[in-house]
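Asker: How does the following fold in three dimensions:
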Amino acid sequence: MRIIDRYLLRAVTRPLIVTLLLALLVLLIERMLRVLDIVLGARGPLKIIFEMMAYLVPHYVSLALPLGLLLGILLGLRRLSMDSELDALQSAGIGFRHLLRPIMWITLVVFATSLVTAAYLQPLSRYAFRAMVFSVTNSSFQALLQEGVITEVNGTTFMMEDISSDGRRFSRVFVHRTDEDGGWAAVTALRGTLADAGENRLPTLRLFDGVRLSETAQRGDTVAAAAPQDGGALASPALAGSTLAGGGQQGGVLRFEELRTSLGEGYEVLDPRGENERELTQDELWNQRLDPPSGLRTSDLVAEFNVRLVRTISILALPFLAIPLARGSRRRLHFYGLPVGVLILLLYKEIIDFGKNLVESGAEPLLGLWLPCALFMVSCLIFFLRSSGRVPGAPIDPLDRLLDLLPKRRPASGTAAE
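Answerer: Predicted structure coming up:
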């Protein structure tokens, strides 16, 4: 690789990386506020925040890569233009087409990264983030429990003085539950374990060697009169208890050797990956397009499959747009290439989003997505070819010509002209 190629690579790569990191930081900070609200509202550990933010990175990388590449080329070459280095290169016979070669190497790296991210990393991380949000908002019993801390789960209050490392064995347990009729029940036990109750049900809490005090109609709890499943022996073959009545309610004190109680009536189950087409990888979109999953249409899968390819392939046209815009003219202090390039990129994104909606409504992908993509790439190529044939020093920024047509500001009155 020639020295000039390495020099151009450094000139473009540095602003590209800085722009990409800043764009990711801005996008992630905006989402972090919502993540903090979810995690802190569910009293989850702070380490979950960083894990959830990591799952968001592929999504925002696919958004930031095209913008980072465009701004990296614009800012890098603009600095060379303002320092007259591009004029010197063109005077030495190194034109735009020679500048394109090292920049295209960077573009190919960005293209490959965007392709892998959009096709595989983004769908998988999207589902992983949704699973994390589900697990936090429907926090498990073990995740919420802390030694010596009062915790409420589904209307039931717990406190365990000692908790095993796996979170499934407890000692010196206190449980309090209030029902809709105003009754209540309080249980203390010497020890307890947590057992899975099967699909679509919350775990079952098994308590041993304790006392249950209640003031309500008997319901819900099942008292075991046989040996517990963990192999332990009961202290006595029967349960001792007494019943109290008063105020129209039944109350009682019950001494038990084993008591089993569920942690609620049930809970929502996380849907498997694929309920949304954005959670399917590129291969899955192609393989399932003729037989879509329940709740999805064939047009949804076709639109998602094509829009990922269109957005990724469009990255290859960005150098042909950015290089001429970066050249500009040094006669003007304002750099119009940057806002013009960003505006064109945002407008193109809106057109592609609109085309995706058309494809989801039944339009052909060639018309809704690939035609705008082809027009964008051809327009960028023509713009580059027309600009590369201009002599050094000639203005190639389209806005320069428009500004030249505006009336020039006259000197203030009373100022002598030299």
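Asker: the helices in the stretch 201-350 of the chain, which residues?
Answerer: Taking DSSP state H, counting those that start in this stretch as the test, the helices found in the stretch 201-350 of the chain are 282-287, 298-313, 318-327, 337-360.
Asker: on contacts alone, who are the packing partners of the first one?
Answerer: If contacts are counted by 3 or more Cβ pairs under 8 Å, 6 or more residues apart in numbering; DSSP states H and E, helix 282-287 sits against helix 298-313. (Each C-beta comes from the backbone N, C-alpha and C, glycine too.)
Asker: Which one of the helices of the stretch 201-350 of the chain has the poorest average confidence?
Answerer: Of all these, the minimum mean pLDDT falls on helix 318-327 (a mean of 87).
Asker: mind checking which of the helices of the stretch 201-350 of the chain is nearest residue 9?
Answerer: Ranking the helices of the stretch 201-350 of the chain by proximity to residue 9 (Cβ to Cβ) places helix 318-327 first, at 12.8 Å.
Asker: Outside of the closest one itself, list whatever touches it.
Answerer: 66, 69-70, 73-78, 81, 86, 96, 99-100, 103-104, 107, 337-338, 340-341, 344-345, 377, 380-381, 383-384, 387-388, 396-397 (Cβ atoms under 8 Å, 6 or more residues apart in numbering).
Asker: gap between residue 173 and residue 131?
Answerer: As judged by Cβ to Cβ, to the nearest Å, residue 173 and residue 131 stand 30 Å apart.
Asker: the more surrounded of those two?
Answerer: residue 173 (21 against 14; other Cβ atoms under 10 Å).
Asker: Assumed the more buried one was part of a strand.
Answerer: Yes. The assignment for residue 173 by DSSP: H, G, I helix; E, B strand; the rest coil puts it in a strand.
Asker: what about residue 149, which SS state?
Answerer: Classified using three-state DSSP, residue 149 is coil.
Asker: Chain neighbours aside, what residue packs nearest to it?
Answerer: residue 159 (7.0 Å; Cβ to Cβ, 6 or more residues apart in numbering).
Asker: confidence score at the residue lying closest to residue 313 once chain neighbours are set aside?
Answerer: Leaving out its chain neighbours, the residue that sits closest to residue 313 by Cβ to Cβ, 6+ apart is residue 373, at 6.5 Å. Note on residue 373: pLDDT of 96.
Asker: returning to that earlier point: got a ChimeraX select line for the buried ones in the contacts of helix 318-327?
Answerer: Those of the contacts of helix 318-327 that count as buried under 16 or more other Cβ atoms under 10 Å are selected in ChimeraX with:
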select :66,69,70,73,74,75,76,77,78,81,86,96,99,100,103,107,337,338,340,341,344,345,377,380,383,384,387,388,396,397
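Asker: Distance of residue 257 relative to residue 189?
Answerer: To residue 189, residue 257 is 10 Å away according to Cβ to Cβ.
Asker: I misspoke; the intended subject was residue 175.
Answerer: Distance from residue 175 to residue 189, by Cβ to Cβ: 8 Å.
Asker: what residues are shared contacts of these two?
Answerer: With Cβ under 8 Å, 6+ apart, residue 175 and residue 189 have common neighbours residue 207.
Asker: now the stretch 151-300 of the chain, which segments are flagged as low pLDDT?
Answerer: Flagging of the stretch 151-300 of the chain using pLDDT under 70 yields the residue ranges 153-155, 165-167, 196-203, 216-251, 262-270.
Asker: Among the contacts of helix 318-327, which are located in helices?
Answerer: 66, 69-70, 73-78, 81, 86, 96, 99-100, 103-104, 107, 337-338, 340-341, 344-345, 377, 380-381, 383-384, 387-388 (DSSP state H).
Asker: ok, longest strand in the protein?
Answerer: Longest strand of the chain, by residue count under DSSP state E: strand 249-262.
Asker: can you pull the buried residues of that one?
Answerer: 251-252, 254, 256-262.
Asker: for that strand, packing partners?
Answerer: strand 184-195, strand 204-215, strand 222-223, strand 240-246.
Asker: hmm, 6 Å instead?
Answerer: The contact analysis (3 or more Cβ pairs under 6 Å, 6 or more residues apart in numbering; DSSP states H and E) places strand 249-262 against strand 204-215, strand 222-223, strand 240-246.
Asker: Roughly how far does residue 116 sit from residue 65?
Answerer: From residue 116 to residue 65 the distance is 11 Å (Cβ to Cβ).
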